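S.K.: Just a sequence and a predicted model for now, questions to come.
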4 protein chains.
Amino acid sequence: MIYIAWMDEHTDQTRKPRADAVRNRERVLEAAKAVFNAGGPEASLEAVAKRAGVGIGTLYRHFPTREDLFEAVYRREVEQLSELAEQLKNASDPVDALRRWLRSGVEFVATKKGMVAALALAVQSGSELHAFSFERLTKAIGSLLDRAAAAGAMRADVSPEDLLRAFFGMCYMHDQPGWQSSVLRMLDVFVDGLRVQPAMKAKVRASAKPAKPAAKRKR
Amino acid sequence: MIYIAWMDEHTDQTRKPRADAVRNRERVLEAAKAVFNAGGPEASLEAVAKRAGVGIGTLYRHFPTREDLFEAVYRREVEQLSELAEQLKNASDPVDALRRWLRSGVEFVATKKGMVAALALAVQSGSELHAFSFERLTKAIGSLLDRAAAAGAMRADVSPEDLLRAFFGMCYMHDQPGWQSSVLRMLDVFVDGLRVQPAMKAKVRASAKPAKPAAKRKR
Amino acid sequence: MIYIAWMDEHTDQTRKPRADAVRNRERVLEAAKAVFNAGGPEASLEAVAKRAGVGIGTLYRHFPTREDLFEAVYRREVEQLSELAEQLKNASDPVDALRRWLRSGVEFVATKKGMVAALALAVQSGSELHAFSFERLTKAIGSLLDRAAAAGAMRADVSPEDLLRAFFGMCYMHDQPGWQSSVLRMLDVFVDGLRVQPAMKAKVRASAKPAKPAAKRKR
Amino acid sequence: MIYIAWMDEHTDQTRKPRADAVRNRERVLEAAKAVFNAGGPEASLEAVAKRAGVGIGTLYRHFPTREDLFEAVYRREVEQLSELAEQLKNASDPVDALRRWLRSGVEFVATKKGMVAALALAVQSGSELHAFSFERLTKAIGSLLDRAAAAGAMRADVSPEDLLRAFFGMCYMHDQPGWQSSVLRMLDVFVDGLRVQPAMKAKVRASAKPAKPAAKRKR
DNA sequence: AATGAATGAGGGTTCATTCAT
DNA sequence: TATGAATGAACCCTCATTCAT
C-alpha cells in the first residue's frame, strides 16, 4: 500500500500516514506470519505483539480482530497463488498446466505452512478469510480445469473447490520436513486420475456413481 | 481397555478394580467422544467431566493427560477402520478392495468427524496418538496396497502413509453437511490415478520424477 | 447457611460442603462488602479476591457474575430493613410507624453506605438485585403506607416505590460524615407532608394535579 | 467559557485565539453533552472526540482532565437552573415560588439526565464540579427559602443543601421513562411538609428531635 | 494547534492442573 | 477412590494518557 498524497484536513480524506504507523503495521504483519507459522492460528496475539516489539494496543489498532490480522497476512499469499494460475492459462497442454500449478502450489506452501493451518481453521469457522480465499482460488483453478475439460482431456465431475480442498488437506496433514515429496507423489496420482481414460470411464462410472455427474460449474 | 485385574503395588497381590472405577472410566470415554465430536479436540476437559457426571478429579485420575484421553477415545475407532482393511484383503479385485476401503472410510468418518480433527491435531503435535494410529492404519492399508502392487495393477510409488494423509486431509477440509460426495468423487479420481496405465506410465515417470522411485516400504 | 447432613452419593443430592469452601465464601463476602463500600460497586473483583486472600478463580467459582456477588452481599441487608417494617406494623400510630421506619433506615444505611450505591447502580441497570430489593422493600413499606392510608391519616397518591426511591436517593447524594442529620430533617418534612391536611388539601390538589390521583396500589 | 484574547507566554502580547481552536472547543462541548447524557458520565472520552469530529489529542488540549470537561459541560446548565430561581424571587407567594422552581427543575433535568449522573458522581468524588454547582445552586435556592422563612410561611430547619440533595437524589433514583410524575408527586409532598403547621409543630418536634434545631444557614 | 498512533496498565474471564476432604 | 474447591497463569480487550508528526 503506497500513500502518495494527502487531502486537505477539512475534506476528511486520506492523509499521509505516519511513518511509525506504517513501520509498525509491517512489523506486526511479519511477526504474525512468523508466530502463526510456528504456533498455529490460535497463537496468542500478545505473542505476536511482543515479537513485533509493539504494545498490544498497537496490534489491536491495526487489526481489531484476529480475523483481520489473518486476512492481512494471508490475502497476499492467496493472491500470488491465484496469479500463478492466470499465467498458466496460456500453457500448451491444459492437463500439464494444472499439474504445474499444483506442483508450484506445494513449493509455495512449503514456505508458508501457517497459511494452510489458517485456511483449515477458516474452513471450520466459515470466516471471511475462507470466503475470500476460496472465491479467489476457486476462480483461478477453475479456469485451468475448464480449459482442460473443454479440450476433452479431463473428467468434468471434479469441481475447483473439490480440488482445492484436497490439495490443502494433503498439505495440512503433514508436519515433518520433507513432506513435499509425499504430496507431490499424490498429486501426480491425482492428475493421472483426472485424465479421461476411455476404456476405463464406463467402468468407473458404473461402479462409482458420482453424486453430481459432470456438474455444470458456475464459472 | 478393560481392567480385569491388576497388581497392588505394595502387597504385590492381584486385585480386582473397584466396580465404580470401571464404570466411571467408561462414562468418561463416552462423554469425551461426544464432547470432542461436537466441540473439537480443544474442548474443555471440565465439559467432558460434567457430561460424564463425574468430578474433574476423576477424569484426571483415569486419564492424566489430554493425550491419554484422546488415545483411549480414538484407539477403538482406529481399530475398527483397520479391521475393515483386514477383511477386504480377501476381495477378488485388489484395486477395487482399496476403493471400497476408502469409501467405507468416508462413511465411517462421517459419523465421527471429531476423530479427524483429533488426528489432524495429533499430526501437528507429533503425539502418541499419531504414532499409534498411523502405525495401525498404515499396516492395514499397506496390505491392500501391497496386494495390488504385487498383482501389477497399481503403481508402487505411493505409500500407505501418503494415502492415509491424503484421505484424512480431504475429510478434514470440509465443514458443510454433504461433504461426503465431494470426497467420494476425489477418491475415485485418486484410485483411477493409481491404476497402472501402460501407455501413460513412461510419460508420467519422465515428467514427474518421483523423489523416491517405488520406495521399498517398511512393512 | 448451615449444612447438617449430606445425602448418599448416588442420589445426587446436597453434600456436606468442604470446610475451606465455606470459609472462603464467607471471606469473599466480607471482602466484597468492604471493597464495595470503599470503592463503589464498580470496584475490581480482583481487589475483592486479593482482600479476601483467595485466588480470583475462587471468587468466580462462588459468584460467577458481579451481580451474584452483589446479591449475596446485599440480600441480607435488604431483608433486615424489610423485617423492621414488619415489626412496626403493630405500632399504634401508623404515621409514626412510617416515620420510625424511615429514621431507622437512615441509621441502618449509615453503617452500610455501599448498599445504597449498589442499589443506585442496580436501578440504572435494571438488574436482578434491583428487582429483588424493590419487591421486598416495596412490600414492606407498602404495608406501612396502606395502614396509614386506611386510617385516613395520610394522602394516598404516594406509592411505596416513590417513597423508597426518594429515601435512597437522599441517602445517595451525600458523602460527608454526619450526613444523617440532613436526611433525618428531610424525612421529617416528608412525613409532615404526607399527613392529610384538610384545609390544605383542596388547594394542593387544585394546583398540583397529581398524575394518578390516589392510584390504587397493587399491594 | 469564551476566549476573547489571551497573553502569549513568550512575547507577553495579547493574541486572538485561532478560529479553529474556538470552533473545536465548542464542538467538543456539544459532543460531550450528547455522549454523557446518553452513556453516563463514565462514557469514553474517545467516543466524545469521535462524535465531535476531532482527534483525541485535541480534546485533551482543551480539557486536560475529565473533570474539566464535566465542569465546562454542566456549568452552563447549572447556571440556567440558578437563574430560574432569581426570576422566581419576585413571585407573590414564596412557597409557591419554591414549588415552581422544583417543578421546573424536574422538567429541566428530564432533558439532561446525564447532568444528574454527573452531579451524583461529583458528590461522591468531592470534585470541583460539585463545589461549584452546589455553591451556585445553593445560593439560588437559598434565596427562595429565606424569603419564605422570613414570611413565616415555612419551617426553617431545612437548608438549601438539604433540599438540593433531596431533589437530585430523587431524580437520580429513576431510570424509567415517565419517572417525572413520580418525582413531581414527591415534591408536592415535600413542599406541603415545609409549610408551617402550628397545630402539628409541637407534636412533630416532640417526637422527632431534630438534630440541629433551625440551624442558622451560612447564606 | 491538531491529529491520531503508541503504549501499557488494568480488568474480565477461562481452564488446566493440583490438592484437601 | 471420588469429588470438586482452589489456584493462577494466560488471554482478551479497552481506554486513559502521552507523544511524534
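M.R.: Ah, there it is.
S.K.: Which helix or strand contains the spatially most central residue of chain A?
M.R.: The geometric centre of chain A, computed from its C-alpha atoms, lies nearest to A:Val78 (C-alpha atoms, centre = their mean), at 4.1 Å. Assigned by DSSP states H and E, A:Val78 belongs to helix A:66-88.
S.K.: Determine if any part of that helix is in contact with DNA strand F.
M.R.: Yes: under the criterion of C-beta under 7 Å from any atom of the strand, DNA strand F is reached by helix A:66-88 at A:Arg66. (Each C-beta comes from the backbone N, C-alpha and C, glycine too.)
S.K.: ok, and what's touching that helix?
M.R.: Outside helix A:66-88, the residues that touch it by C-beta atoms under 8 Å, 6 or more residues apart in numbering or on different chains are A:28-29, A:32-33, A:36, A:41, A:45, A:48, A:59, A:63, A:97-98, A:100-101, A:104-105, A:108, A:112, A:114-115, A:118-119, A:122, A:127-129, A:132-133, A:136-137, A:139-141, A:143-144.
S.K.: and if you look at stretch A:41-56?
M.R.: Under C-beta under 8 Å, 6+ apart, the answer for stretch A:41-56 is A:24, A:27-28, A:30-32, A:34-36, A:39, A:58-60, A:66, A:69-70, A:114, A:117-118, A:121, B:42.
S.K.: buried residues in it?
M.R.: For stretch A:41-56, the neighbour count (16 or more other C-beta atoms under 10 Å in any protein chain shown) marks A:41, A:43, A:45, A:47-49, A:51-52, A:54 as buried.
S.K.: is it true that A:Pro94 touches A:Gly152?
M.R.: No: using C-beta atoms under 8 Å, A:Pro94 makes no contact with A:Gly152, being 9.8 Å away.
S.K.: neighbour count winner among these two?
M.R.: A direct count of neighbours by other C-beta atoms under 10 Å in any protein chain shown for A:Pro94 and A:Gly152 places A:Pro94 higher, at 21 against 9.
S.K.: pLDDT at that one, what is it?
M.R.: pLDDT, A:Pro94: 90.
S.K.: A:Lys216 too?
M.R.: Predicted confidence (pLDDT) for A:Lys216: 44.
S.K.: how far away is the residue nearest to the centre of chain A from A:Phe108?
M.R.: 10 Å (C-beta to C-beta, to the nearest Å).
S.K.: Equivalent analysis for A:Trp101, please.
M.R.: Relative to A:Phe108, A:Trp101 is positioned 10 Å away (C-beta to C-beta).
S.K.: higher neighbour count, those two?
M.R.: Between A:Trp101 and A:Phe108, A:Trp101 has the larger neighbour count (other C-beta under 10 Å), namely 23 against 16.
S.K.: Surely A:Gln124 is in a strand?
M.R.: No: per DSSP: H, G, I helix; E, B strand; the rest coil, A:Gln124 lies outside any strand segment and is helix.
S.K.: Tell me how many other residues crowd A:Asp68.
M.R.: A:Asp68 has 14 nearby residues by other C-beta under 10 Å.
S.K.: With A:Pro177 instead?
M.R.: 7.
S.K.: That one: what secondary structure?
M.R.: Recorded secondary structure, A:Pro177: coil (three-state DSSP).
S.K.: give me the element the closest residue to DNA strand E within chain A is part of.
M.R.: Nearest residue of chain A to DNA strand E, counting by C-beta to the nearest atom of the strand: A:Gly57, 2.0 Å away. If you go by DSSP H and E, A:Gly57 is part of helix A:56-62.
S.K.: What residues sit buried inside that helix?
M.R.: Within helix A:56-62, judged by 16+ other C-beta under 10 Å, the buried ones are A:58-59, A:62.
S.K.: Which of these sits closest to chain D?
M.R.: Nearest to chain D among the buried residues of helix A:56-62, counting by C-beta to the nearest C-beta, is A:Thr58 at 15.3 Å.
S.K.: correct me, but that closest one touches A:Val28?
M.R.: Yes: with contact defined as C-beta under 8 Å, A:Thr58 and A:Val28 form a contacting pair (7.3 Å).
S.K.: sorry, back to before: could you turn the buried ones of the contacts of helix A:66-88 into a ChimeraX selection?
M.R.: Selection of buried members from these for ChimeraX, criterion 16+ other C-beta under 10 Å:
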select /A:28,29,32,33,36,41,45,48,59,63,97,98,100,101,104,105,108,112,114,115,118,119,122,127,129,132,133,136,137,140,141,143,144
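S.K.: Relative to B:Leu194, how far out is A:Gly105?
M.R.: 21 Å.
S.K.: A:Cys171 now?
M.R.: In terms of C-beta to C-beta, A:Cys171 sits 20 Å off from B:Leu194.
S.K.: With A:Ser127 instead?
M.R.: According to C-beta to C-beta, A:Ser127 stands 35 Å off from B:Leu194.
S.K.: Repeat that for A:Gly142.
M.R.: Distance from A:Gly142 to B:Leu194, by C-beta to C-beta: 25 Å.
S.K.: Domain boundaries for chain A, per the record?
M.R.: Domain assignment for chain A by automatic domain parsing gives A:1-64, A:74-208.
S.K.: does the shortest one come close to DNA strand F?
M.R.: Yes: interface with DNA strand F: domain A:1-64 contributes A:18-20, A:44-47, A:56-57, A:60, A:64 (C-beta under 7 Å from any atom of the strand).
S.K.: Between which two of these is the distance greatest?
M.R.: Farthest pair in these (C-beta to C-beta) is A:Ala19 and A:Ser44. Separation: 28.0 Å.
S.K.: Around the closest residue to A:Ala110 other than its chain neighbours, how many other residues sit close by?
M.R.: Counting by C-beta to C-beta, 6 or more residues apart in numbering or on different chains, A:Ala110 lies nearest to A:Gln180, which is 5.4 Å off, once chain neighbours are set aside. By other C-beta under 10 Å, the residues close to A:Gln180 number 16.
S.K.: check which helix or strand covers A:Gln180.
M.R.: Counting by DSSP H and E, A:Gln180 is found in helix A:179-194.
S.K.: Low-confidence stretches in chain A?
M.R.: A:1-17, A:197-219 (pLDDT under 70).
S.K.: Do you have the helices of it handy? List them.
M.R.: Applying DSSP state H to chain A gives helices spanning A:19-39, A:45-52, A:56-62, A:66-88, A:94-110, A:113-125, A:128-150, A:160-172, A:179-194, A:198-208.
S.K.: quick one: which of these is nearest B:Ser159?
M.R.: helix A:179-194 (7.4 Å).
S.K.: and the angle from that closest one to helix B:179-194?
M.R.: Computed with axes from the mean of the first three to the mean of the last three C-alpha atoms, to 10 degrees, the direction of helix A:179-194 lies at 90 degrees from that of helix B:179-194.
S.K.: now helix A:179-194, how far from the centre of its chain.
M.R.: Centroid separation between helix A:179-194 and its chain, computed with C-alpha atoms, centre = their mean, to the nearest Å, is 18 Å.
S.K.: Quick check: buried residues in it?
M.R.: Buried, per 16+ other C-beta under 10 Å, within helix A:179-194: A:179-180, A:182-194.
S.K.: rewinding a little: with respect to C:Ala148, which of the domains of chain A lies nearest?
M.R.: Per C-beta to C-beta, nearest to C:Ala148 of those: domain A:1-64, 58.9 Å.
S.K.: Is A:Phe36 in contact with A:Gly114, as I believe?
M.R.: Yes: at 4.2 Å, A:Phe36 and A:Gly114 qualify as touching, with contact defined as C-beta under 8 Å.
S.K.: A:Ala151 and A:Pro94 touch, don't they?
M.R.: Yes: counting by C-beta under 8 Å, A:Ala151 sits close enough to A:Pro94 to count as a contact (5.2 Å).
S.K.: Would stretch A:118-137 count as contacting DNA strand F?
M.R.: No: residues of stretch A:118-137 contacting DNA strand F under C-beta under 7 Å from any atom of the strand: none, with a closest distance of 13.0 Å.
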